[in-house]
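Q: model this:
(2 chains)
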Number of protein chains: 2
Amino acid sequence: MRREALGIHLLIEMYGCDPHTLKGVDYVGKVMERAAKESKTKVVEIFFHQFLPYGVSGVVVIEESHYTIHTWPEERYAAIDLFYCDPKVDVDRAIEVLKESFKPQHVTIMEVKRGVLPEVHSFVKQHQEEMVS
Amino acid sequence: MRREALGIHLLIEMYGCDPHTLKGVDYVGKVMERAAKESKTKVVEIFFHQFLPYGVSGVVVIEESHYTIHTWPEERYAAIDLFYCDPKVDVDRAIEVLKESFKPQHVTIMEVKRGVLPEVHSFVKQHQEEMVS
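A: Next comes the predicted model:
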């Protein structure tokens, strides 16, 4: 299959989560790390920030781009991004891990292609032509 | 003005950039940090990863969520995300800094509302009703 874009970016909205699972970095951090590892990404760096009294912002930088999460336990809501630029990433497994762990009542996933190749290449080509002319 | 969502997420595609500006963590990291500071975010953590021979993945975790970047110098392309949950963030200034620094020929910006409040609250309410019933 021809590659259409440099990366795939999933914007995941998890509504009606179990609020206790969203409160602290210990649990949220472990879930995100497990989602990254079980989806066969290469983890480069993990950073999680605890908000007071509760709530977490976190990022897992992976060789293939990034996974991030922001949680609002009082709203039972988490915003999760899975951005990856290698089709070998088993993103479905990551989503399973996240659903099992945060127990959302409702999930929406928006898929956005990043760096769509015909568009990227039209600007690379244009520049090369400018250099020659 | 009534708040409609917990966060705003801008997905920015920068095409036809000056490829030299996208190669290394020193420059890209400084630009992203400046974009975060000049847009009046509170920086929590900065992490940048250098790919060999060139290319950068980086994240600025901010109190208000995150800014991230992934660069493909050979494609003259950068994928940038600005995700913020405080309307006081001066995101237009961040975009100016990024454009001045990477000199793209073409930029597209997709705005996505994260945690749309009527939707978030419908699940919180549903849960409260379940608890009572």
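
Q: name the element the closest residue in space to residue A:108 that isn't next to it in sequence belongs to?
A: Excluding the flanking residues, the one nearest residue A:108 by CB to CB, 6 or more residues apart in numbering or on different chains is residue A:13, at 4.6 Å. (Each C-beta comes from the backbone N, C-alpha and C, glycine too.) Using DSSP states H and E, residue A:13 maps to strand A:5-15.

Q: Quickly check: stretch A:14-32 near chain B or not.
A: Yes: judged by CB under 8 Å from any CB of the partner chain, stretch A:14-32 comes into contact with chain B through A:15-16.

Q: Look up the residues forming beta bridges with the residue nearest to the spatial centre of chain A.
A: In chain A, the centroid-proximal residue (CA atoms, centre = their mean) is residue A:82; its distance is 1.7 Å. Judged by DSSP bridges, the bridge partners of residue A:82 are residue A:10, residue A:67.

Q: Was I right to think it contacts residue A:32?
A: No: with contact defined as CB atoms under 8 Å, residue A:82 does not reach residue A:32; the gap is 10.0 Å.

Q: who touches both of those two?
A: Listed as contacting both residue A:82 and residue A:32 by CB atoms under 8 Å, 6 or more residues apart in numbering or on different chains are residue A:67.

Q: Quick one: the helices in chain A, in order.
A: A:25-38, A:91-102, A:117-132 (DSSP state H).

Q: Dump the ones you listed to JSON lines, plus mean pLDDT and mean neighbour count.
A: Listed next are those as JSON lines, based on pLDDT from 0 to 100; neighbours: other CB atoms under 10 Å in any protein chain shown:
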{"stretch": "helix A:25-38", "mean pLDDT": "98", "mean neighbour count": "18"}
{"stretch": "helix A:91-102", "mean pLDDT": "98", "mean neighbour count": "18"}
{"stretch": "helix A:117-132", "mean pLDDT": "79", "mean neighbour count": "13"}
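
Q: who touches stretch A:4-12?
A: A:65, A:79-85, A:91, A:95, A:98, A:107-117, A:120, B:9, B:11, B:70, B:72, B:75, B:77, B:79, B:112, B:114.

Q: starting at the chain centroid, how far to it?
A: 9 Å (CA atoms, centre = their mean, to the nearest Å).

Q: And for stretch A:104-123?
A: Using CA atoms, centre = their mean, the offset of stretch A:104-123 from its chain centre is 12 Å.

Q: Ok, stretch A:46-59 next?
A: Centre to centre, stretch against its chain (CA atoms, centre = their mean), the figure for stretch A:46-59 is 16 Å.

Q: Is that stretch positioned near chain B?
A: Yes: Stretch A:46-59 lies within reach of chain B by CB under 8 Å from any CB, at A:47, A:49, A:57-59.

Q: Pull the CA coordinates from that stretch and hand them back as CSV.
A: In CSV, the C-alpha atoms belonging to stretch A:46-59 read as follows (Å, rounded to 0.1, in the frame of the first residue of the first chain):
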residue,chain,number,x,y,z
ILE,A,46,8.3,9.9,29.7
PHE,A,47,7.1,13.0,31.6
PHE,A,48,4.1,13.4,33.8
HIS,A,49,2.9,16.4,35.7
GLN,A,50,0.5,16.3,38.7
PHE,A,51,-2.0,19.0,39.2
LEU,A,52,-3.4,19.8,42.6
PRO,A,53,-5.7,18.6,44.0
TYR,A,54,-5.9,16.2,41.1
GLY,A,55,-5.5,15.9,37.3
VAL,A,56,-2.6,14.9,35.2
SER,A,57,-0.8,16.1,32.1
GLY,A,58,1.6,13.7,30.5
VAL,A,59,3.6,12.9,27.5
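
Q: I'm done for today, thanks for sticking with me.
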